[in-house]
Every structure is written in C-alpha cells, then in structure tokens.
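Q: My questions concern the predicted model and sequence given below.
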Amino acid sequence: MVSLDDVVDDLYGGPLDGFVARRDAAVRAAQDRDLARRIGALRKPTLAAGAVNLLIRDDPTLAGTLRDLGQSLRDAERSLDGPALRDLGRQRRALVAGWAAQARRLAAAAGQPVSAAAAQEVERTLTAALADPRVAAAVAAGTLTHGTEHVGFGGVGSGGDDDAGADGGGVDGRTADAAQAGADGPGAAEYHGGTAHGRRGAGRARRRSSGAAGVDPEAGAKAAPGGAGTDGAADGAAAARGGARRRASTAPGRDAGAPDRARAARDREHERREREAARARERHVRAVAAVAAAESDLERVTERHDAATTAERDATTALEDAERESAQAYAAEEELVRALADVRRRLAEARARLPRVDEQLVAARTRAREREKALRAVGRELDRASSAAERARDQERRAAADLP
C-alpha cells in the first residue's frame, strides 16, 4: 500500500525531471482519497531547492550542524559578543560555501546541473537556515520546494512563488519576520521599518499614562536601548518616594524650608534623569550607526564574496576546459606515439633486410655482367657463322654457274 512518507522520499529524493510523472502515478496508486489529495498537493521543487534536498539527504549530520551553528550565532547576537560573532561568521561563510559546492556536485551527478543564479539561491537558503530555526527545520526535512532568503536581523523571506504550506517545505517570510522582530527584544524592531513607529508610539502612550498616574513624565525616557528601562522604573519609584516626603513635609510642625529643599532635590533628580536619557539616546544613536556600518560592511563583503564565487566558478569552468583539452592532447600524443613506434618497427625491419637485399643486388649484377659477356661471345660466334654461311652460299652459287 502506498504511504505518504514513501511518496515524499521518492519525489524529493529523486530527479526533478520525472517529479510530476511520479507524483501523478502515486496519486493514481493511492487507495485513499485523502491520501491522493495530499500527494497531489506536493509541489515540485525549484532547481535550488532540489539541490538543497539532495544535500541534506546525502549528509545526515548536516541538520544538526545547521541547528547548532545557528543557535550559536543567535546567542552571540543576543549577547553582542563581537569576537564570537566574527569567528562564527567566518565559520558560517566557509560552511555555506562548502555546502553549496557539494550541493552543485550532487545535483550535477543527478542530471540536474545548477546554474549560477540557482547556486546563489542555495547559499541564501543555507544562510537563512542558520538565521532562523524554522527554516533550519524545513531544510532538515529534505522537502524544500523553493529557496529562502535571510532579509535582516533574524527575518527570512521566501525566495520563490510557491505556497510554503503545501508540503511543509518552506517558511513564510512575512510571518518569520514579524515573529523574529518580537523575539529580538527591545529596540530590535527599530530596524524593521513600520514596526519601529509602533514601538515609539507605544513609548509615548506609556509616558502619557505615567504622567497621569502622578509619576514624572520624563521617567519614560529611560526606556531606551541598552538596559535603561530598569533605571526608568527605579526613577519612577524614587519620584513616588519624593512625593511621599513632600506630603509629609507639609504636616504641622515641620521645617518651613523643607519644600524648597525638596524642590531642589526634584530639580537635581530631573537633571540627572535628563543627562541619563541624553546618554541613553547617544548610545542608541551610536548603536544605530554601528548597525548601519555593519550592514554596509556586510553588503561590501557579500559583493566581494559573490564576485569571488563567480570567479571561482569561472576558474572551475576554465580548469575543466583545460583538463578536457589536456586529455585530448594526451590521447593524440599517445596515438602518434603508437604510430611512431609502428613506423620505427617497420624501419628497423627494412634496415635488417638491407644487407640481404644488397647481397642479392650484387649477385644479380654479377650474373647480369656474366650473361652480358656470354651474350657478346654468342654474338661474335653468330657473326662468324653468318659470314661462313654467306661465303658458303657464294661458293654454291659460283659452282652452280660453272655447271654445263
């Protein structure tokens, strides 16, 4: 009986060329209508997704590596551990490049060569898997239908037009982006467009509510990146304690100068909070500038990496062409060497026959000269016989003439 797992393994672990035909055959073989519907909903992978599926099915340890390295990268990002981020970033780039090259080799061996654009999509998908655990899980399943792209600090976006929910092989980019923005903690959404406006609007609402509750409105300025929100809560509590002291100072019998001292204390406290808020805003500005600089550096490094990848592919193609031409040249040389060896063998045989031929030539010349001498001697004898015969004929004619 046909099972969904067997069909999925056959479809996503086999060549892309026969995907639709194998899926339709599995639909016809399914005896359950619901199973046939689920099989018919399986989507054919793109070239890049098919290469990633082949890679994950070829190396069972890759899923664990993706999960562990991705978790390490996210931990380093949350702790702002610069050296760890740099080391893990180098490790990520090296692993992604190696995995992408292996995926291209596996795809080529399966009869589905990966183009340059598809190879870049493979790298983007593996990078996204390191950035988002849900993408890593989708990659580990080995049933991707399209590539996925990492679009920011933790967000991912779909690299294709297929519906990711059809077979569980993809992650919706907008859902992942929104979820990750909430998981990154305070300040993270300030780098995700419209979400930052919602965060700042919520801050203004909190400041208005704190002022209505009798707490100094400036305390809301402490809710800035870098942990200043905790200082704001402490300042609110200090302001509440100051209010209690001011109420106590108005009781009968108290020192008349207490309100002035309390007012001065409030002013000093207000100035202190203003300075801390200014420092927090300055830290935030520096952090934003650092993020912008890091993104700019990342973009430049990515461009250099893409250029290096293109150069590596060109060099690989040139090397393959050179190796093919070298093989052809060696084959031609081997054929010429065989022909030369045959010619040399025939030349040696001819040279070995030369002495015998020379002897035969000398003997033939000697016999020819001897026959020539004999021929001349016979010619002389013939001449003498002819002369004798002619003289005999003359004598015979004269004798005949003398007859009566």
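A: Cool, got the structure.
Q: among the helices and strands of this protein, which has the poorest mean pLDDT?
A: Across the helices and strands of the chain, mean confidence by mean pLDDT, DSSP states H and E is lowest for helix 173-183: a mean of 34.
Q: Give me the distance between D59 and R346.
A: 58 Å (Cβ to Cβ, to the nearest Å). C-beta: built from backbone N, CA, C; applies to glycine.
Q: how about the residue positioned nearest the centre of the chain, what does it touch?
A: For the chain, A100 is the residue whose C-alpha lies nearest the centre (Cα atoms, centre = their mean; 3.2 Å). By Cβ atoms under 8 Å, 6 or more residues apart in numbering, the contact set of A100 is 119, 122-123, 126.
Q: in the protein, what spans have low per-residue confidence?
A: The model of the chain has pLDDT under 70 over residues 1, 150-255, 285, 288-292, 295-296, 299.
Q: Which parts of it are helices?
A: Applying DSSP state H to the chain gives helices spanning 4-12, 19-29, 33-40, 47-58, 62-79, 82-109, 116-131, 133-140, 173-183, 194-212, 228-249, 258-402.
Q: okay if I get the ones you listed as a markdown table plus distance to E149?
A: Formatted as a markdown table, the helices of the chain follow (distance: least, Cβ to Cβ, whole Å):
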| stretch | distance to E149 |
| --- | --- |
| helix 4-12 | 21 |
| helix 19-29 | 23 |
| helix 33-40 | 28 |
| helix 47-58 | 11 |
| helix 62-79 | 15 |
| helix 82-109 | 13 |
| helix 116-131 | 5 |
| helix 133-140 | 10 |
| helix 173-183 | 8 |
| helix 194-212 | 19 |
| helix 228-249 | 33 |
| helix 258-402 | 12 |
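Q: Any idea which of those helices gets closest to H146?
A: Distance to H146, taken as Cβ to Cβ, is lowest for helix 47-58 among the helices of the chain, at 5.3 Å.
Q: So D59 and R346 - more neighbours on which side?
A: Set side by side, D59 and R346 show more neighbours around D59, with 14 against 10, by other Cβ atoms under 10 Å.
Q: Next up, the contacts around the more buried one.
A: Contact analysis of D59 by Cβ under 8 Å, 6+ apart lists Q102.
Q: How much space separates it from G50?
A: 16 Å.
Q: V52 is in contact with L106, correct?
A: No. Using Cβ atoms under 8 Å, L106 is not in contact with V52; the gap is 9.9 Å.
Q: So if I had to pick from those two, which one is more boxed in?
A: A side-by-side neighbour count of L106 and V52, using other Cβ under 10 Å, places V52 first with 30 against 20.
Q: Which residues are in contact with the more buried one?
A: So V52 contacts 103, 122, 125-126, 139, 144, 147 (Cβ under 8 Å, 6+ apart).
Q: Looking at those, which is nearest Q360?
A: A103 (75.2 Å).
Q: Quick one: neighbours of G379, just the number.
A: Residues near G379, counting by other Cβ under 10 Å, number 10.
Q: Return the distance of it relative to E390.
A: In terms of Cβ to Cβ, G379 sits 16 Å off from E390.
Q: Stretch 105-122 spans what distance, first to last residue?
A: 12 Å (Cα to Cα, to the nearest Å).
Q: Return the set of buried residues in that stretch.
A: For stretch 105-122, burial by neighbour count (16 or more other Cβ atoms under 10 Å) applies to 106-107, 110, 112, 114, 118-122.
Q: cool, and stretch 307-320?
A: Neighbour counts over stretch 307-320 (16+ other Cβ under 10 Å) mark T309 as buried.
Q: CA atoms only: put that stretch into PDB for me.
A: What follows is stretch 307-320 as a C-alpha-only set of coordinates in PDB (Å, rounded to 0.1, in the frame of the first residue of the first chain):
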ATOM      1  CA  ALA A 307      32.500  38.200  -7.100                       C
ATOM      2  CA  ALA A 308      34.800  35.600  -5.600                       C
ATOM      3  CA  THR A 309      32.200  32.900  -6.100                       C
ATOM      4  CA  THR A 310      31.700  33.900  -9.700                       C
ATOM      5  CA  ALA A 311      35.500  33.900 -10.200                       C
ATOM      6  CA  GLU A 312      35.700  30.500  -8.600                       C
ATOM      7  CA  ARG A 313      33.000  29.200 -10.900                       C
ATOM      8  CA  ASP A 314      34.800  30.700 -14.000                       C
ATOM      9  CA  ALA A 315      38.100  29.300 -12.800                       C
ATOM     10  CA  THR A 316      36.400  25.900 -12.300                       C
ATOM     11  CA  THR A 317      35.000  26.000 -15.800                       C
ATOM     12  CA  ALA A 318      38.300  27.100 -17.300                       C
ATOM     13  CA  LEU A 319      40.000  24.300 -15.300                       C
ATOM     14  CA  GLU A 320      37.500  21.700 -16.700                       C
END
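Q: what's it in contact with?
A: 97, 116, 119-120, 123.
Q: so which two of these are the farthest from each other?
A: For these, the farthest-apart pair by Cβ to Cβ is A97 and A116; their separation is 14.2 Å.
Q: Okay, the closest residue to A30 other than its chain neighbours and D5: tell me how far apart.
A: Spatial nearest neighbour of A30, chain neighbours left out: A36 (3.9 Å); criterion: Cβ to Cβ, 6 or more residues apart in numbering. Distance check for A36 against D5: by Cβ to Cβ, it reads 15 Å.
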